[in-house]
Every structure is written in C-alpha cells, then in structure tokens.
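*Asks:* Show me how the following folds:
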Amino acid sequence: MASGLLLALAGSIAFSGKAIIVKLAYRHGVDAVTLIMYRMLFALPIFAVMAWWASRGKPPLSRKDWLGVLGLGITGYYLASFLDFAGLAYISASLERLILYLNPTLVVVLGWLLYGRGIRWVQAAGMLVSYCGVVLVFGHEANLQGTNVAWGALLVFLSAVSYAIYLVYSGEMVQRLGSLRLVGLATTVACLCCLAQFVVLRPLEAAVVAPEVIWLSVLNATLCTAAPVLMVMMAIERIGAGMAAQAGMVGPLSTILMGVWILSEPFTVWVAAGTALVVAGIFVFTRLARRPGA
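*Replies:* From the prediction side, this is the model:
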C-alpha cells in the first residue's frame, strides 16, 4: 500500500510540473502551437510503444473502436492539452492548476446534462465551495494582471471541459480495451494531431527555437507526461482509484510551491485562501459525497 501511495503522490506532483515547464519555455519566445508540437514529438515514441505493448496478444480494434480512439484522442488529449498550453500564456501556474482541479465536478455536471444523473446535495455543496475558491484566485489575479487573465482562465476551463468529455465517454472503451491500451492509442492520436497542427499553421522555420525550449520539452514529455501516466495507473492497481484520487490533492499545492520557488509567482493570502477552498470543496465532493445518506 505504501508503494502505491508514493506512486500516486509522485505522479500527481509530476503532472503538476507541466505548468511550470510551460511557463519557463514561454520566457524564450515560443508560442503554444510550437511548444506543444515539441512536447508531443518527444512523447510520441513513448506512447506508441505503450500502445504496442498493451496490444500484444489482443484482438484487433474494430472500426467502431478506432473511431472511438480517434474521438477520445482529439478531445481528451489533443484539444485539452492545446487549450491548456494556450491558457498558460495568460495566467499563473497556480490558477491553471486550480481550474484543472475542478475536473471531477465537470464530469458530474456532464453526466447530469447528458444522462440525467442526479447530483447529491453534498456534491453540490462541494462544487460551490471549490468554484468560490477559483473565483477568489481569479479575481485577485485579474486585478493584478488585467483582462487577459479572463481569456487565459477561459481557455484552461475549456481544457478541463474537454478532458471531462473524454472521461465521460471513455468508460465503456476502458472496459473493452483496457486502460493502458486506450491511453497509449489515444495519446498517440493526440501527438499526431499536434504535429499536423504545427505543419498546417506554422512555417518550418518556426521549429527553430532556443535550446532551452528543446530540453524543457523533453523534460515535459518524459517527466511530466509519460511518467505520471504510468505512475498513476500503477498506483490505481495497488491502492484503487479512490485513494489515488485523494493523493492527487497534493497537485495544486505542489504547483503553487513550485510556482513560488521556480517562477517567483506571488504567494498571497488570496491564493492561499482560494487553494484551501478548492481542495476542501473537492474533498467534500469526492470523499464525503460517497457516504450513504449524503
């Protein structure tokens, strides 16, 4: 159990480092299209090997399965990643992580809208608390940096919505294909989409970037993309999805600490209060709402 918990914590922290690396890369004059191209270029071999490994000895995918993988790859990884990278050009890493942390609430809202699933009162209370926390940090940041913060926050929120759509529709395919195979195939699709996007939208000269962007992208692709996917999946096998999700609460806190330490982002009482509200709200939403009668 201890090894599973350590894997979940390490995976959450590694995922959180993505925003820090993206903010560091933006300091070298690169744009979102080019930056995500490099991230996915270096991640592509890893996820392709993952898909091949998980597909060994398994029956080939049907046409329906391939269409599902294509759709999930575009919404869950390509679109979600690009919107997230684009939004980080305008907002702090701390606010980005808090917005993405609202993902479980978006999954429940989509379930209510698409399938008519009920929302329990404890879940609604948790959602209200967590969204108040994001609004608090957003208002403070907008007051300091201006209207671009609203655009950045919207892009990141749409990224969270895109990934929530992936989670809502991936359940059946995970049961049929297995999580490792589905993740490998869907992320491979996303990598190819990001490469195609660069070819269509940018001249080839745009691929010439500062050396720092290259090594930061390698770090992003390995330490903050492929490695945490594997760590979280291994953690789920050992301690279950529920406990792994609870360990993920360290994510916003680690992003804030890294943002202050590495990016020199300000740590104010507003950020602290907003983070506390978001983490408390998600805790109520994911943990207490499971209790009978809640």
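
*Asks:* tell me the mean pLDDT for the longest helix seen in the chain?
*Replies:* Counting residues, the longest helix in the chain under DSSP state H turns out to be helix 148-177. Average pLDDT, helix 148-177: 87.

*Asks:* From the contact counts, what lies against that helix?
*Replies:* helix 63-72, helix 80-87, helix 93-100, helix 103-115, helix 121-145, helix 179-201 (3 or more C-beta pairs under 8 Å, 6 or more residues apart in numbering; DSSP states H and E). Quick note: C-beta positions are derived from backbone N, CA and C, even for glycine.

*Asks:* what angle sits between the fourth one and helix 148-177?
*Replies:* It stands for helix 103-115. Counting by axes from the mean of the first three to the mean of the last three C-alpha atoms, to 10 degrees, helix 103-115 lies at 70 degrees to helix 148-177.

*Asks:* From the contact counts, what lies against helix 103-115?
*Replies:* Using 3+ C-beta pairs under 8 Å, 6+ apart: helix 103-115 touches helix 121-145, helix 148-177, helix 269-286.

*Asks:* was I right about residue 76 contacting residue 163?
*Replies:* Yes: counting by C-beta atoms under 8 Å, residue 76 touches residue 163, with 5.6 Å between them.

*Asks:* More neighbours: which of those two?
*Replies:* The neighbour comparison of residue 76 against residue 163 (other C-beta atoms under 10 Å) goes to residue 76, with 25 against 22.

*Asks:* The more buried one and residue 286: what is the separation?
*Replies:* 20 Å (C-beta to C-beta, to the nearest Å).

*Asks:* Residue 16 now?
*Replies:* 18 Å.

*Asks:* repeat for residue 122
*Replies:* Taken as C-beta to C-beta, the span from residue 122 to residue 286 is 10 Å.

*Asks:* Output the below-cut-off pLDDT ranges for this structure.
*Replies:* Within the chain, the stretches with pLDDT under 70 are 1, 236, 240-249, 287-294.

*Asks:* center of it, which residue is that?
*Replies:* Nearest to the mean C-alpha position of the chain, counting by C-alpha atoms, centre = their mean, stands residue 100 at 6.3 Å.

*Asks:* pretty sure it contacts residue 160?
*Replies:* Yes: using C-beta under 8 Å, residue 100 makes contact with residue 160 at a distance of 5.2 Å.

*Asks:* what sits against the nearest residue to residue 273 once chain neighbours are set aside?
*Replies:* Nearest residue to residue 273, sequence neighbours excluded (C-beta to C-beta, 6 or more residues apart in numbering): residue 136, at 6.1 Å. Contacts for residue 136 (C-beta atoms under 8 Å, 6 or more residues apart in numbering) come out as 270, 273-274, 277.

*Asks:* do the same with residue 30
*Replies:* 209-210, 213.
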